[in-house]
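> next come a sequence and a model predicted from it.
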Amino acid sequence: MESGFRQQIQAPDFSGEAIEPELAAPLEILAPASLACPLVFSSPHSGAIYPARFLERARLDAASLRRSEDAYVDSLFGRAREIGAPMLRAHFPRAYLDVNREPYELDQRMFDEPLPEFANTRSLRVAAGLGTIPRVVTDAREIYEGKLSLSEGLRRIEKLYKPYHAALAQLMEQARETFGFALLIDCHSMPSISARDPGAARSEKRRVDFVLGDRFGASCDAGFVDSIEQRLRGFGYNVHRNRPYAGGFITEHYGRPGGGWHAMQIEVARGLYMNEATLERNKRFDLVARHLGEALGELAREILRTRCSPALDARAAAE
């Protein structure tokens with residue numbers, strides 16, 4: 001039956017002029033040897049290539065800018081290919097461009113010319129300085145010394161944002177055509193937080209290890225989220241759902257269950273797998289990566305056992 005899963009995944013062509021020399025390949029598709037399940041992984045915030053020109057114009061040093069990264073998340077979910085799923089990852093950093101936003105969530109204060117009328121300048125994310133081109137890093141410190149030209153901002157969107165989403169949409173559609181539906185796993189990390197755990201005695205506060213976001217049920221079949229939650233809880237993790245992170249633009253935009261596209265955001269507490277001060281991996285990194293791989297691998301196998309598309313079965317039999 002494996003031959004029925006085989007499908008070539010093509011990376012985008014970046015042969016044209018790069019936005020910055022360091023970003024000649026701004027994103028990457030880590031493709032499995034064969035497409036063996038309907039899962040698609042996206043790591044939009046783990047990029048760590050900081051263009052020299054960007055660093056020169058920033059008022060913050062590289063270490064401060066890295067506070068916005070979902071550091072190592074692409075590696076943390078790196079077993080995607082082992083279960084036969086592709087992963088799309090950005091190489092550019094979130095502080096430079098954030099693809100988990102609408103394409104034109106822009107802050108007029110950042111630019112030396114009026115923004116086009118179609119720009120969304122009034123979102124809460126823009127007000128917080130965290131639009132498509134962020135004004136601040138996550139601790140609310142300003143990134144830039146001066147204003148950006150509008151042409152540069154729009155060029156980042158054309159050269160980075162749009163190719164990322166074109167590639168992600170292609171991967172989702174390939175999975176849907178092959179299996180009858182696609183399930184996006186949008187991979188993120190979060191600062192370590194504590195919250196009252198309703199499942200614990202007297203609801204004492206505990207570190208939240210994972211937050212699973214499905215837009216309060218709108219972006220994903222609840223059964224998929226239940227499966228991951230149960231398996232992560234089985235490993236002893238404290239797992240919350242939708243609070244405080246229900247999913248951003250990617251989860252909302254690609255979560256269309258009625259059209260065969262499901263999307264689930266997974267936020268991992270950084271303190272689980274890294275030193276949040278030094279940004280170095282800790283000794284639990286490999287264990288957390290293994291647990292995530294096992295939980296997601298079990299979900300993939302369960303989907304193939306119980307929800308495999310009849311059309312897929314027919315094609316596989318014919319081949």
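Nice, thanks for sending it over. Numbers count the residues shown, from 1 in each chain.
> pull the distance from the helix or strand Ser151 falls within to the chain's centre.
For Ser151, the host element (DSSP states H and E) is helix 150-156. The chain centre lies 23 Å from the centre of helix 150-156; the measure is CA atoms, centre = their mean, to the nearest Å.
> what's next to that helix, contact-wise?
Here helix 150-156 makes contact (CB atoms under 8 Å, 6 or more residues apart in numbering) with Ile19, Tyr96, Leu97, Leu106, Met110, Phe111, Asp112, Glu113, Pro114, Leu115, Ile133. For glycine as for every other residue, the C-beta is placed from the backbone atoms N, C-alpha and C.
> can I have the buried ones of those as a PyMOL selection?
The PyMOL selection below is limited to those of these classed as buried (16 or more other CB atoms under 10 Å):
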select buried, resi 19+96+97+106+110+111+115+133
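> closest to Tyr245 among the contacts of helix 150-156?
Minimum distance to Tyr245 across the contacts of helix 150-156 is 20.4 Å, recorded for Leu97 (CB to CB).
> for Asp139, give me the pLDDT.
Note on Asp139: pLDDT of 82.
> contacting residues around the closest residue to it other than its chain neighbours?
Spatial nearest neighbour of Asp139, excluding adjacent residues (CB to CB, 6 or more residues apart in numbering): Arg67 at 6.1 Å. Arg67 sits next to Val137, Thr138, Asp139 when contact means CB under 8 Å, 6+ apart.
> and those, which of them are buried?
For the contacts of Arg67, buried by 16+ other CB under 10 Å: Val137.
> just give me the closest of the contacts of Arg67 to Ala246.
Thr138 (18.0 Å).
> quick one: residues in contact with the longest helix that the chain contains.
For the chain, the helix that runs over the most residues, judged by DSSP state H, is helix 285-306. Applying CB under 8 Å, 6+ apart, the set of residues contacting helix 285-306 from outside is 36-39, 72, 75-80, 82-85, 179, 183, 185, 224, 227-228, 231-232, 235, 237, 266, 268, 272-274.
> so where do the strands sit in the stretch 1-150 of the chain?
With strands called from DSSP state E, counting those that start in this stretch, the stretch 1-150 of the chain shows them at 27-30, 39-43, 87-90.
> may I see these organised as JSON lines, with mean pLDDT and mean neighbour count added?
Below are those laid out as JSON lines (pLDDT from 0 to 100; neighbours: other CB atoms under 10 Å):
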{"stretch": "strand 27-30", "mean pLDDT": "96", "mean neighbour count": "18"}
{"stretch": "strand 39-43", "mean pLDDT": "98", "mean neighbour count": "28"}
{"stretch": "strand 87-90", "mean pLDDT": "98", "mean neighbour count": "26"}
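> looking at these, which is nearest to Arg53?
From the strands of the stretch 1-150 of the chain, taking CB to CB, the stretch that ends up closest is strand 87-90, at 18.1 Å.
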